[in-house]
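Enquirer: Fold the following.
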Amino acid sequence: MVVFIDEMPWLDTAKSGFMSAFEHFWNDWGCAKHNLLLIVCGSATTWMLDKLINNKGGLYGRTNREMHMHPFTLNETERYFKARNITMDRYDLVQTYMIMGGVAYYMSFFEPGKSLADNIDDIFFREGGFLLTEYGRLFTSLFSDNENYRKIVEALSGLRYGATREQISKATGISEGGTLSAILKALVKSDLLSTYYNFGETKRNLYYKLTDMFCLFYLGFVNKNPTNNPHYWRDNQASPKLNRWRGIAFEDVCFVHQEQIRASLGIAGVQAEVYPWRATADGDVPGAQIDMLIDRADRVVNLCEMKFTRGDFAIDKDYDAKLRNKIDALLTATKNKKNIQPTLVTTYGLKMNMYSNRIQRVVTMDALFEKAI
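Expert: Residues are numbered from 1 along each chain as shown. I've put the predicted structure just below:
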């Protein structure tokens, strides 16, 4: 017998007595039935963590399997649209991922026969757009007492490289302690935030970074820059703002698909840590920002630059100078003990010219669509 309860948190309304009844049902009857499989599902992250997974009362230690349903990868996103007979090339699929973050519910609003720009206008920028009010509903459905959760997400939305607990506390006014820890843990569990250590820093400095692409898009384009133009996305395709956004959002897509990047480089089996990295100028040490570092156990560091372009990426004199500065900064940080491999992750490839030999490895957009190992 299989009993599947979908969105269980919504059954636990005020004064319902649901949890005490559920505990009694399971402990006095259900757990003794060896032919009974109970599956519980819920999108309210804090409820699922507090009332089931980390329950300290009658359900302590009762769960025997936890399945975290992550958003789709690019591979799964492509297959999803094919199943719905929606045709898009991979350039547009990556842009779709930059906005929807692989969430099937959000992508379900796409209509066949419409361009990407027209679909985005319908969903976000026209009166009655399907996801115009989704941002508020998202926090209400995921978290009880969600004000502080929103404060943290909105503070991190303006911090490209994230922040430490101390910095988040100062930015939001939420005191460091158990409450902040619980909120950050729930935000990470919900796939809204990711954590990382900055290369070369102490492991005490854990950074929290907003990586949910729907939240980043909504806060950047819908919330902060409201518009009355129902064709906003279509009319601004070539604008500097959208081009800047594509460049930054492509970095986020690459971090979600770091397994595919490592597989394309032939290092899937090599132990490695992946970081964004930045260093401030200090005396003779140059400052630098690097999109992604893959710090490998074989004493090699892939210095990855992400470029989202409509054609092959061409390195010019100015970009070559910036790249050499980044290599110098990284060599200084690693004290010249590791081999630095400049690596380009881009849409279509690298254009050969007098500066292209600076890049040792190239990963194209197609690699990101491979199935994760």
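Enquirer: Outline the domain layout of the chain.
Expert: Under the assignment automatic domain parsing, the domains of the chain span 2-53, 71-253, 257-368.
Enquirer: Now mean neighbour count and mean pLDDT too, for those domains, in CSV please.
Expert: The C-beta positions use only the backbone N, C-alpha and C, and glycine is treated the same way. Output for the domains of the chain, formatted as CSV (neighbours: other C-beta atoms under 10 Å; pLDDT from 0 to 100):
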stretch, mean neighbour count, mean pLDDT
domain 2-53, 14, 89
domain 71-253, 17, 92
domain 257-368, 17, 91
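Enquirer: Can you lay out the ones you listed as CSV showing distance to residue 63?
Expert: Formatted as CSV, the domains of the chain follow (distance: least, C-beta to C-beta, whole Å):
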stretch, distance to residue 63
domain 2-53, 6
domain 71-253, 14
domain 257-368, 27
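Enquirer: Would you tell me which of those domains gets closest to residue 64?
Expert: domain 2-53 (10.2 Å; C-beta to C-beta).
Enquirer: Give me the distance from the closest one to the chain's centre.
Expert: 29 Å (C-alpha atoms, centre = their mean, to the nearest Å).
Enquirer: May I have stretch 186-196 as PDB, with CA atoms only?
Expert: Provided in PDB are the C-alpha atoms of stretch 186-196 (Å, rounded to 0.1, in the frame of the first residue of the first chain):
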ATOM      1  CA  ALA A 186      16.400  27.000   4.900                       C
ATOM      2  CA  LEU A 187      17.300  29.300   2.000                       C
ATOM      3  CA  VAL A 188      20.100  27.000   1.000                       C
ATOM      4  CA  LYS A 189      17.800  23.900   1.300                       C
ATOM      5  CA  SER A 190      15.300  25.700  -1.000                       C
ATOM      6  CA  ASP A 191      17.900  26.200  -3.700                       C
ATOM      7  CA  LEU A 192      17.600  30.000  -3.400                       C
ATOM      8  CA  LEU A 193      21.200  30.500  -2.000                       C
ATOM      9  CA  SER A 194      24.400  28.700  -2.500                       C
ATOM     10  CA  THR A 195      27.500  28.700  -0.300                       C
ATOM     11  CA  TYR A 196      31.200  28.800  -1.200                       C
END
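Enquirer: can you list contacts of it?
Expert: Here stretch 186-196 makes contact (C-beta atoms under 8 Å, 6 or more residues apart in numbering) with 45-46, 49, 68, 70-71, 142-143, 149, 152-153, 156, 162, 184, 206-212, 215, 255, 274-276.
Enquirer: how about 6 Å then?
Expert: 45-46, 142, 206-212, 275 (C-beta atoms under 6 Å, 6 or more residues apart in numbering).
Enquirer: related to what we said a few turns ago, out of the domains of the chain, which comes closest to residue 61?
Expert: Using C-beta to C-beta, the nearest of those to residue 61 is domain 2-53, at 10.3 Å.
Enquirer: And the closest one, end to end?
Expert: Start-to-end span of domain 2-53 (C-alpha to C-alpha, to the nearest Å) is 20 Å.
Enquirer: Please apply the same query to stretch 67-82.
Expert: First-to-last residue span, stretch 67-82, C-alpha to C-alpha: 26 Å.
Enquirer: ok, residues contacting that stretch?
Expert: For stretch 67-82, contacts defined as C-beta under 6 Å, 6+ apart pick out 93, 97, 101-103, 368-369, 371.
Enquirer: okay if I get the contacts of stretch 186-196 as CSV plus distance to residue 295?
Expert: Putting those into CSV (distance: C-beta to C-beta, whole Å) gives the following:
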residue, distance to residue 295
45, 31
46, 34
142, 33
206, 16
207, 15
208, 20
209, 17
210, 23
211, 19
212, 25
275, 7
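Enquirer: can you tell me which of those are in helices?
Expert: Those of the contacts of stretch 186-196 mapping onto helices are 45-46, 142, per DSSP state H.
Enquirer: where's residue 97 relative to residue 148, distance?
Expert: 29 Å (C-beta to C-beta, to the nearest Å).
Enquirer: Residue 263 too?
Expert: 39 Å.
Enquirer: Same question for residue 361.
Expert: Taken as C-beta to C-beta, the span from residue 361 to residue 148 is 43 Å.
Enquirer: Could you find the closest non-adjacent residue to residue 37?
Expert: residue 2 (4.8 Å; C-beta to C-beta, 6 or more residues apart in numbering).
Enquirer: now for the contacts of stretch 186-196, which pair is the farthest apart?
Expert: 46 and 275, at 28.9 Å, using C-beta to C-beta across the contacts of stretch 186-196.
Enquirer: measure residue 159 to residue 153 for me?
Expert: 11 Å.
Enquirer: Hmm, I typed the wrong one, I wanted residue 241.
Expert: 21 Å.
Enquirer: Check residue 109 too.
Expert: 22 Å.
Enquirer: Then residue 254?
Expert: For residue 254, the distance to residue 153 (C-beta to C-beta) stands at 21 Å.
Enquirer: just the strands in the chain please.
Expert: For the chain, strands defined by DSSP state E occupy the ranges 2-5, 37-40, 193-197, 206-210, 272-279, 288-296, 300-307, 339-346, 361-364.
Enquirer: mind checking which of those is nearest residue 83?
Expert: For those, proximity to residue 83 was assessed by C-beta to C-beta; strand 2-5 is nearest, at 23.1 Å.
Enquirer: Please name the nearest non-neighbouring residue to the residue at minimal distance from the centre of the chain.
Expert: Nearest to the geometric centre of the chain sits residue 211, at 3.4 Å (C-alpha atoms, centre = their mean). Distances taken as C-beta to C-beta, 6+ apart place residue 194 nearest to residue 211, at 4.4 Å, with adjacent residues excluded.
Enquirer: For the one you found, list each beta-bridge partner.
Expert: residue 209 (DSSP bridges).
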